[in-house]
Each structure stands twice: as structure tokens, then as C-alpha cells.
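> Could you look at this predicted model? Sequence included:
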Amino acid sequence: MVRLAPLEIFSLMINFLLGSAIVVGWNFETKQDVWITILFALGLGVGIFYLYILLHSLGKWGNLIQLLELGLGKWLSKILGFIYCLYFIYIAGRVLKDFSFFIGEVLFKNVPFWIISFTFLLVVSYSCFLGIEAIARSSLILFAFTGVLVLVLIIFGYLSPYFELIHLTPVFRTSWKQIMSSVFPTGLTFPYGELIAFTMLFPYVKDKKALRRYGWISLCITGVLLLLAGEMIIGLLSSETVNLYVFPFVKALELTSVLDILPHLEVFAVIINLIGGFVKISVFMYSGLMILTNLFPKKS
């Protein structure tokens, strides 16, 4: 029987939510008020998490397919389950494409796109073959590295001589209508709405009380890191020019160095994206495969 420790699922959620969001998931339409958008989306994300927990509690901690079957019946749940399976695999493919494009643009400009994708997909396929316990343990080890790395890069960004506080002002100049348009639907669905994939994993958690009580902490850690990184990016690039860059986080790190010893900190953004991309694609792929296992239990 598969069992996940609360700390393992928390690290999975943080790496999953950060994933590509820390590198490519920025929306700076609200300019200096982007922090309001991030906090608003975070609050809704916590609400989504507890909604999923409530559904699991009512459904005796069954997975997504079992919850659909309880509420909609056998045949309709199978149809919706298959749609969710296609959705999970589609999102995994989208993240893989974004990851490959990012690596190709930043690190290996002369390497064909398909080689990067195929190599990474081999690693993800092997992790899915080993199972969610192996993925969770790997995520826990990797989180100890990425969490510190993201925080250190943000601190160096704030200490950069190119960082200017004046770029962060004025605030409260954006209308609520524009803020809401930034939150709905993109700010809500990405990254917090993608937690729907964890409805296939939450039943594996050993301590359900710990998950219910402390699961929101992983979302808050993600939201705080995205908030700090967003303010750092605006402070370095300014709200007028930040939307000109495909990867603003990477561009901001290009203006950051450690005592002129490490001038290319943007390389570490590639490492963060490697780890986050691996966890995110693995979770989506594994959740999609588990749906197929539930829909076709007699097939190997």
C-alpha cells in the first residue's frame, strides 16, 4: 500500500506550485500592484485546497474517480475521469514544452528541441515507473536545495546595485477591475488551480489530520516566494520594461552578481526550472496514469 508522509506531500506541493511559475508564470499587467494580485490569488488558492480536502472528507478519502462516482454515478464518472486523464497528460506536455523551450533559449541554443524534450521525458517516465513514493522522496530532497536557492537568489536580487525602491512605487494605482481580470482566470488556475492533480494523491497521505491542518502552509510558502520574487523583478527591471522579457526572472538575475565572483546567477534559474519541471510533469503524468488504472483495472 502506497503511503506518503505529510512532509513529502508538502514538498511535492511546493515544488509543483513553484515549478514553471517562478520562471515563466508572471503576469505584470497590474505593474507595481502585482503584489495585490499574488496575495489575492494565494487566498483563493488556500480556499481551493480546503475545498478539495472537504470533498475528500465527504468521500471517505477516495481519489478523484471515486469522488466523481459517488456524486455522478458510474458511467458519467468514467467519461469525466477520462477527460481529466487527457487534461493531466496535456498539461504535462505543455509544461514539458515550456521547459524545453526555456532550456533551449537560455542554456543550449544549438541543441534540437526534441532532444531536450525526449531526454527529460525519459527521466519522468522512469520516475513514474518507480511510483509516487519515489517521486515524493526525490521531491523532499530536492526541496531542501531549491527552497534555499530561491531564497538566496531573491536576497541577492534585492542587494543588487541595479535594484531601486522607486520602481516599486506608486502603489494602489490599479483599478479593482484590472486586478480581478489578472486573477481570474489565469491567476487562479495557474498555479493553484492545478492542484486538482493532487486529488489522486491526497488519499495516500498517512496523517490526514496533519494534511488538513498544515497543508495550507505549502501554499503560503509558495505565495510568499512568488511575491518576493515579483517585487525583486520589478525593482530591477521596472514596471515599464518588465513585460518586454519572455523570462523576467532570468533577466533580473542577469543584473545580479555575488561580489563580482559569480556574475551569471541566471544559471541557477535553470536548475530551479529543472527541478520544478521534473516534479510538476511527474505529478501530472502519474495522476493521469492512476486515472487510467482506476478506469481500466483489468488492464496492465
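That came in fine, so what should we check first? Numbers count the residues shown, from 1 in each chain.
> who touches stretch 29-43?
The contact list for stretch 29-43, computed with CB atoms under 8 Å, 6 or more residues apart in numbering, reads 26-28, 167-174, 178-179, 181-183, 187-188, 192, 219-220, 222-223, 226-227, 230-231, 234, 239, 243. Where C-beta positions appear, they are placed from N, C-alpha and C, glycine not excepted.
> Tell me which residues of that stretch come out buried.
Residues 29-38, 40-42 are the ones in stretch 29-43 that count as buried (16 or more other CB atoms under 10 Å).
> hmm, back to that, quick one: which of the contacts of stretch 29-43 sit in helices?
178-179, 181-182, 188, 219-220, 222-223, 226-227, 230-231, 234 (DSSP state H).
> and which of those residues is nearest to residue 11?
Nearest to residue 11 out of these is residue 222 (CB to CB; 11.4 Å).
> Now for the closest one: which residues touch it?
Counting by CB under 8 Å, 6+ apart, residue 222 touches 13, 14, 17, 18, 21, 42, 191.
> same question, residue 82
Contact analysis of residue 82 by CB under 8 Å, 6+ apart lists 291, 295.
> where does the stretch 201-300 of the chain dip in pLDDT?
Within the stretch 201-300 of the chain, the ranges that satisfy pLDDT under 70 run 258-263, 299-300.
> Please name the nearest non-neighbouring residue to residue 15.
The shortest distance from residue 15 to any non-neighbouring residue, by CB to CB, 6 or more residues apart in numbering, is to residue 279 (4.0 Å).
> Can you give me the neighbour number for residue 286?
Around residue 286 there are 23 other residues, counting by other CB atoms under 10 Å.
> same check, this time on residue 22
Counted with other CB under 10 Å, residue 22 comes out at 24.
> now do residue 113
Counted by other CB under 10 Å, the residues lying close to residue 113 total 13.
> For it, which residues are in contact?
By CB under 8 Å, 6+ apart, the contact list for residue 113 reads 100, 101, 104.
> same thing with residue 291?
64, 65, 81, 82, 84, 85, 88, 200.
> How about the backbone phi and psi for the residue nearest to residue 69 when sequence neighbours are not counted?
In space, and not counting its chain neighbours, residue 69 is closest to residue 77: 4.0 Å by CB to CB, 6+ apart. Here is the backbone geometry of residue 77 (degrees, to the nearest 10): phi -70, psi -30.
> Next one: residue 77 from residue 294, what distance?
Residue 77 is 10 Å from residue 294, where distance means CB to CB, to the nearest Å.
> Quickly list what's touching both of the two.
Contacts common to residue 77 and residue 294, judged by CB under 8 Å, 6+ apart, are residue 65.
> Go ahead and list the helix or strand containing the closest residue to residue 225 other than its chain neighbours.
Nearest residue to residue 225 in three dimensions, chain neighbours excluded: residue 150, at 5.6 Å (CB to CB, 6+ apart). Per DSSP states H and E: residue 150 is located in helix 132-159.
> now residue 120
Assigned by DSSP H and E, residue 120 falls in helix 113-130.
> C-alpha coordinates for that helix, PDB please?
Extracted C-alpha coordinates of helix 113-130, given in PDB (Å, rounded to 0.1, in the frame of the first residue of the first chain):
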ATOM      1  CA  PHE A 113      14.200  20.900 -29.300                       C
ATOM      2  CA  TRP A 114      13.200  17.200 -29.400                       C
ATOM      3  CA  ILE A 115      16.500  16.000 -27.800                       C
ATOM      4  CA  ILE A 116      15.800  18.100 -24.700                       C
ATOM      5  CA  SER A 117      12.200  17.000 -24.500                       C
ATOM      6  CA  PHE A 118      12.900  13.300 -25.100                       C
ATOM      7  CA  THR A 119      15.800  13.200 -22.600                       C
ATOM      8  CA  PHE A 120      13.700  14.800 -19.900                       C
ATOM      9  CA  LEU A 121      10.700  12.600 -20.700                       C
ATOM     10  CA  LEU A 122      12.800   9.500 -20.100                       C
ATOM     11  CA  VAL A 123      13.600  10.700 -16.600                       C
ATOM     12  CA  VAL A 124       9.900  11.500 -15.900                       C
ATOM     13  CA  SER A 125       8.800   8.100 -17.300                       C
ATOM     14  CA  TYR A 126      11.300   6.200 -15.100                       C
ATOM     15  CA  SER A 127      10.100   8.200 -12.000                       C
ATOM     16  CA  CYS A 128       6.500   7.300 -12.800                       C
ATOM     17  CA  PHE A 129       7.600   3.600 -13.200                       C
ATOM     18  CA  LEU A 130       9.100   3.700  -9.700                       C
END
